[in-house]
Every structure is written in C-alpha cells, then in structure tokens.
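Pasting a predicted model and its sequence here:
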Amino acid sequence: MSTIEGAAAAPGEIAPDAGGYNSTMYELLKTVNDPADVRRLDRVELKRLADELRAFVLDSVSETGGHLSSNLGTVELAIALHHVFDTPEDRIVWDVGHQTYPHKILTGRREAMRGLRQLGGISGFPRRSESAYDTFGTAHSSTSISAALGMAVAARLKGEQRRCIAVIGDGAMSAGMAFEALNNAGASSADLLVILNDNEMSISPPVGALTNYLARLLSGRMYTTARKASEHLLKRVPAMWEFARRAEEHVKGMVTPGTLFEEFGFNYIGPIDGHDLDALVPTLANIKKLSGPQFLHVVTRKGQGYKLAEDDPIAYHGPGRFDPQEGIKHASGGKPSYSQIFGDWLCDMAKLEPRLVAITPAMREGSGMVRFSEEYPERYFDVAIAEQHAVTFAAGLACEGMKPVVAIYSTFLQRGYDQLIHDVAIQNLPVLFALDRGGLVGGDGATHNGVFDYAYLRTVPNLVLMAPADENECRRMLYTGLQIDGPAAVRYPRGSGTGVPVEREMQPLAVGRGEIRREGTRVDGGIAILAFGSMLGPALQAAETLDATVANMRFVKPLDLELLKRLAAKCALLVTVEEHQVMGGAGSAVCEALAALGIERRVLMLGLPDRFVDHGDPAKLLASVGLDAAGIERSIRGVLTGPADRPL
C-alpha cells in the first residue's frame, strides 16, 4: 500500500504516512459505518474526520483508478450534509455522481472501495440498487434538481416530513435541464434545497469571513422571521412593499451573486467556503429549519489537499492507478488513442478547409481537442454541458456554409437526439458527428457505454453512419464524412486501436462500400463473418480456426448491398458481429436488407445482450458477453453442430 511522505499536514491537507486501509491514520474513519456515526461527532472530531476521509479517498483511488479531483473537493460537504440531515430519510441527490466517493465511504462502503469500478465491485456513480443512501442514480449531468424536486413534491403529496437536497456542480448548471428544473421548483414552493458546488470560482467573489457571516445571517431564523413579518406588513401598502423588495434585492446583489436564483423563486444564501465546517454546519442547520425553495452557494476547490491535483485538476479528474508520492506518469510513445487520431485529423483538416469549425459540449480533453483549441481558437467552440444546443448550434453554422464537426461521446449524443433529427437530418445539413466512446467503456459502466448509437442513428433518414476497424480507417472516414453533403457520423471506440500506421494524406472512402479481409475456403457451404468497427480484430482471429470469410463492413448505413449479396451467394451461414446491442443494431440492418433483397440465409447475430452491461475491465466485459475471438468462435461452432433448422 502506498504512503505519502512529507512534513506534517496543515488542516485540510493530506496528512503524511497516509497508508493502507487499516492504517492508524484512519482510526476515527474506521469507527464511521453509517451517517448516524457522523451525527454523533462534535465539530473538532468532524475536522479530524475530514482529514482522514480526504487521505482515504486519495489512497483508495490511487489503487483502483477513478475520479479524484472532484471527490477531494467534496469531503467537507459530504460530512456536513450527513451530520446535519437525517439521511437516508432526508434525500440527497448528487449531480453527475463523480463527486460521491466521500459520500459512499461515509455510508457503509469504506471497504468496498477496494473494488471501485471493477467487475463485480461498486460503481463509481450513485446507484439505487447499491445503497439506500444513493437516492437517485446519476452519471449524466444536470439531472439532480429535477429528481430532488420530484422527491420533494412526492413527500408533500404523501404528507411526509423530509428534506430533499440536490448537490450540483457549476459545470452542470450550464445545461438547460438544470434551469428548467429551477424554474419549476421556484414556482412549486416545494421544500427543496439546491446546493451549488462551485469548484471553479467562475461566478463567485472571494470567499472570506464576511461572506461566511452573511450566509449564516441570511439563513438564520432571526432574519427569516423579520423578513416574513415585514412582508406581511408592507404588502398592505403595495408601493412600500415593492420598494422594500427591490431594496433587498439590490443589497443582496451587492454582496452575493444570487439575484438570478432569487428571480427563480429561491432564497439565495452564500457563497460560503465549502471546506470550512464551521461555516457549512451551522448554515445547513439553519436552512434545515426553513421552508420553500432554498439555494446554497458553496465554493470548493478541485483536488483540495493534494497539491498535484490542485495544480492540475483536469489531469487528476479520472486517473488510472498511480503512486500518490510521484503522481501520474504520462506515458510517452505507444499507440495513439482514437481521440488523438481525431484531434490530429481535425488540425490537419483545418489547414486545408478554412470553413471547418469544431464544437464540443465540455469534453475538450476527452475528445482530443486541446491542440485544435490552441491552434485554432477562433474556430473552436466549447458550448459547456449543453448537448442539445451543440447540435442545433452546428446546424445553424451549416446553414451559413460552414463545415461543423461535433465531437461528442456516443452516450451524450443521446441527449441531443431530437435536435439531430429535427434540426440537422430533416434539413439535410452537412454536420459531421465524431462519436467517441462507442461500445463498452470500462470503469464508467452502463451510464457511459456507447451501445445504442447504431440503432438510434441508422433509423434517421439522410444520415451516413460509419464504424472504423482501425486508426487509419478512422481518419479516412472522418475525411469522407466531411465531404458528404448531409449529416454523417463516425463512431469509434475508447482507447487505442490496433497500431495500424496512419496515412497523413487525406484519402476518402467510397460511401457504402465494405471490403473482404479474409477469403474462406470451406466446401461445406461456408461461413461469412460480417464485422462492424472494433469487432474486425476478434472476427479475424476466430476466422483462422473456422476458415471463414471475413468482411469489414465499414458502413452501418448505407450497407454495402453488393457485398452482402456476394457473401450470401457464397456462404450458407452469415454471422454479424458488433460491439453494440443486438436489438436494432447492425445485424438487424443486415437481416432487413436480406429480406428486402428476397434472400433467405441463416444469420447469426452476435452483439451485446438485452441488458445493461456493468463496469469493469473492457476486455473481460467483452469476453463475458462472447465478443472476444474465443466467444465468437464458440458461438459459431454451436450453430454448426446444432440442427440446421434451429432458430438463431
């Protein structure tokens, strides 16, 4: 188990000798098995608990990988919430969920952190089936206010007394859904507390003793009682009431950035230091006594207490395993990731095409766009966590003759599906979607697996859908998509490819044309494996022992019908293989095409089952669903040895 060396830690910093899970460093933390134990601690003990909890988060994440910076920033907030509120009876909904490791540790899952994001282990996000304290499953952003409002209204309808709290980051507040929920919540007068975890200092003045004092004052009973009494009296004289209301807003606006939230119908409180338990605990205790919509603004720091993460919170957002003493080691050389292939192509293409513009919904680093943003800042647009806006923004650019490229994860394009149909496809606008993270993504699990895109994209008229089998093919498909006078999507997986050299020149592909990668010589009718995207590699391996023909289909839409007819004429068994749900996927497209052509052939469709695949090592996950080379061969042999009329 790793240790952290150095001088004695100051309050709020990672302590020295933060060793293994059974270290004496965690003496107090080991006594906390649920929030009831947190509620028994006094203020001095809470501060000690915060130090131990922060060290434990760093220690455990360094062993398993996972989200780090955001979780180091929510240690005190998690402690204060569970200390003040009666959880799980009081509901806490954590937005996105990558800020919930301290919450998980305090709610009985301390030792389970050993298996974080691993096959059979606990999730990196809140999950209702995992714990009663995970009141709502989250992983995509900006859902917390809507969910918590639903819970608050349900409590009111059932006559139950409970507090409902949404903890949302400032990044998630950029999404329209958050503001839709705020608008509804303010009008509903529900007993809802929204906590804005502002960890970028982007909308906050400096936090100090004055603002902490003001927050406690504005949340206190004396202020609230006086406000209600004056409201009762002044409303009898409308002119005086309007003057007083405006005066209060003006004074609040001078010392707080909360006017916007007041306009939504919330009582705004803050900002306060989210790492100061002496500010958090009494403020939350005061708010607990208030009714109606409340908005608490807390300021935290990503990576708090671990200097390497404080200095570079993006690098430590979601690291793999690392040594806390030495920090993350950035590997040099090796195979480039598909995201890097896309980023390099984007820069190369921008030199040739002055109309090219690139759009991302807050995923610059993950999508490989850092270099482009630096070299072409005027043609780079980060629209924040606003996938719907990103798609329609691209459509508007396309209307004026620009060449927009929307770099977006497969799982996040789901959130802009209506805009893709209504604003892009119906108008047949030339927008290129670079779909990263297609297929199984590993530790992030079911919420982030990109396994529905073939199905939800291939049904959209006018759209061309491509799936590269290697890095060079990915580059060629991106270039091809940019030449198409209509919507196109290139869907590629997470991580690195097979190591195929990438040609620097731009070489388009013939739209709707696949290729034969291996010719089988079987005389018993023959087997043809139709591989889509990432499945070409394992399909070729399986084909060696089966002596099967293998086609790299390349296009999910339009399918290569000539190639399909050729394979059907030669082979008695067609096998489709895709890293996607079988239902509605590329295999379904093949069956539909055969039916339209009037061709009857046995078809075995291999892909993901009709269930959500959990988190874990990607290779192990693929093997578990039979999509490795051995699994593909086993499935095909099972058909060959079974009765000829057995349904596939």
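Okay, I see it. Residues are numbered from 1 along each chain as shown.

Please make it C-alpha for all contacts and neighbour counts, starting now.
Noted.

in the stretch 251-400 of the chain, which segments are predicted with low confidence?
251-257, 331-333 (pLDDT under 70).

now do the chain
For the chain, the ranges with pLDDT under 70 are 1-24, 200-257, 331-333, 643-648.

Where is the longest strand in it?
Counting by DSSP state E, the longest strand found in the chain is strand 573-581.

Give me the sheet partners of that strand and which way each runs.
Strands that pair with strand 573-581, judged by DSSP bridges, come out as strand 527-531 (parallel), strand 602-608 (parallel).

Can I get these in CSV including mean neighbour count and distance to Ala629?
Compiled in CSV, the strands paired with strand 573-581 are given as follows (neighbours: other C-alpha atoms under 10 Å; distance: least, C-alpha to C-alpha, whole Å):
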stretch, mean neighbour count, distance to Ala629
strand 527-531, 28, 12
strand 602-608, 22, 12
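
mind putting those in JSON lines, distance to Ala139 included?
Shown next, in JSON lines, are the strands paired with strand 573-581 (distance: least, C-alpha to C-alpha, whole Å):
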{"stretch": "strand 527-531", "distance to Ala139": "31"}
{"stretch": "strand 602-608", "distance to Ala139": "21"}
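
buried set for stretch 66-75?
By 16 or more other C-alpha atoms under 10 Å, the buried positions in stretch 66-75 come out as Gly66, His67, Leu68, Ser69, Ser70, Asn71, Leu72, Gly73, Thr74, Val75.

on that earlier part again, got a list of contacts for the longest strand of the chain?
Here strand 573-581 makes contact (C-alpha atoms under 8 Å, 6 or more residues apart in numbering) with 439-440, 450-454, 525-535, 539, 567-568, 585-587, 590, 601-610, 627, 636.

quick one on the thing from earlier: out of the buried residues of stretch 66-75, list just those in helices.
Ser69, Ser70, Asn71, Leu72, Val75 (DSSP state H).

Farthest-apart pair in those residues, please.
Maximum pairwise distance among those (C-alpha to C-alpha): 10.9 Å, between Ser69 and Val75.

My guess is Gly265 contacts Asn184. True?
No: the pair Gly265 / Asn184 is not scored as a contact, 9.4 Å apart, by C-alpha atoms under 8 Å.

Compare the two and say which is more crowded by neighbours.
Gly265 (20 against 16; other C-alpha atoms under 10 Å).

before we move on, what SS does that one have?
At Gly265 the chain is in coil, as set by DSSP: H, G, I helix; E, B strand; the rest coil.

What distance do you get for the closest residue to it other than its chain neighbours to Leu463?
Counting by C-alpha to C-alpha, 6 or more residues apart in numbering, Gly265 lies nearest to Gly186, which is 4.2 Å off, once chain neighbours are set aside. Separation of Gly186 from Leu463 (C-alpha to C-alpha, to the nearest Å): 41 Å.

Would you mind telling me which of these two has more residues around it?
Leu463 (26 against 21).

Give me the neighbour count for Leu157.
Neighbour number of Leu157 under other C-alpha under 10 Å is 9.

likewise Ser373?
As a burial measure, Ser373 scores 18 neighbours (other C-alpha under 10 Å).

Is it correct that it is in contact with Ser367?
No: judged on C-alpha under 8 Å, Ser373 makes no contact with Ser367 at a distance of 11.4 Å.

Ala434 is in what secondary structure piece?
In this structure, Ala434 sits in strand 432-436 according to DSSP states H and E.

Which other helices and strands does that strand contact?
Counting contacts by 3 or more C-alpha pairs under 8 Å, 6 or more residues apart in numbering; DSSP states H and E, strand 432-436 packs against helix 338-352, strand 403-409, helix 471-483, strand 488-491.

residues touching Asp418, list them.
By C-alpha under 8 Å, 6+ apart, the neighbours of Asp418 are Gln388.

what about it, is that helix, strand or coil?
helix.

can you check the one 10 residues further on too?
Taken by three-state DSSP, the conformation at Asn428 corresponds to coil.

name the element the nearest residue to it once chain neighbours are set aside belongs to?
Once flanking residues are discounted, Asn428 sits nearest to Gly486: 5.0 Å by C-alpha to C-alpha, 6+ apart. Of the helices and strands defined by DSSP H and E, none includes Gly486.

same check, this time on Arg156
helix 144-158.

which parts of that helix are buried?
The neighbour-count check on helix 144-158 (16+ other C-alpha under 10 Å) flags Ser144, Ile145, Ser146, Ala147, Ala148, Leu149, Gly150, Met151, Ala152, Val153, Ala155 as buried.

Same question for stretch 304-324.
304-306, 308-310, 313-324.

before we move on, the earlier item: so who does the residue nearest to Asn428 touch?
Per C-alpha under 8 Å, 6+ apart, neighbours of Gly486: Ala425, Asn428, Leu429, Pro430, Val431, Asn462, Leu463.

cool, Gly642 as well?
Taking C-alpha under 8 Å, 6+ apart as the definition, Gly642 has no contacts.

Roughly how far does it sit from Ser635?
Taken as C-alpha to C-alpha, the span from Gly642 to Ser635 is 11 Å.

wait, isn't Gly631 in contact with Lys620?
No: contact between Gly631 and Lys620 fails when scored by C-alpha under 8 Å: they sit 11.5 Å apart.

And those two? Which one has more around it.
Between Gly631 and Lys620, counted using other C-alpha under 10 Å, Gly631 has the larger neighbour count: 19 against 14.

burial count for Lys351?
11.

and if you look at the one 10 residues further on?
A count of neighbours around Pro361, defined by other C-alpha under 10 Å, yields 24.

Could you pull up the residues touching it?
So Pro361 contacts Asp382, Val383, Ala384, Ile385, Ala386, Glu387, Ala390, Ala407, Ile408 (C-alpha under 8 Å, 6+ apart).

For the residues you listed, please prepare CSV with the additional fields neighbour count, secondary structure and distance to Glu471.
Listed next are the contacts of Pro361 as CSV, based on neighbours: other C-alpha atoms under 10 Å; DSSP: H, G, I helix; E, B strand; the rest coil; distance: C-alpha to C-alpha, whole Å:
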residue, neighbour count, secondary structure, distance to Glu471
Asp382, 15, strand, 25
Val383, 17, coil, 28
Ala384, 19, coil, 28
Ile385, 22, coil, 28
Ala386, 23, coil, 29
Glu387, 24, helix, 26
Ala390, 24, helix, 26
Ala407, 28, strand, 17
Ile408, 25, strand, 18
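
out of those residues, who's nearest Pro508?
Ala407 (19.6 Å).

Provide a list of residues in contact with that closest one.
Counting by C-alpha under 8 Å, 6+ apart, Ala407 has contacts Ala358, Ile359, Thr360, Pro361, Ser367, Phe433, Ala434, Leu435, Asp436.

Surely Val460 is in contact with Ala425?
Yes: between Val460 and Ala425 there is a contact under C-alpha under 8 Å: 7.2 Å.

who has more neighbours, those two?
The neighbour count for Val460 versus Ala425, taken as other C-alpha under 10 Å, is higher for Ala425 (21 against 16).

That one and Leu457 touch, don't they?
No: contact criterion C-alpha under 8 Å: Ala425 and Leu457 do not qualify, at 10.4 Å.
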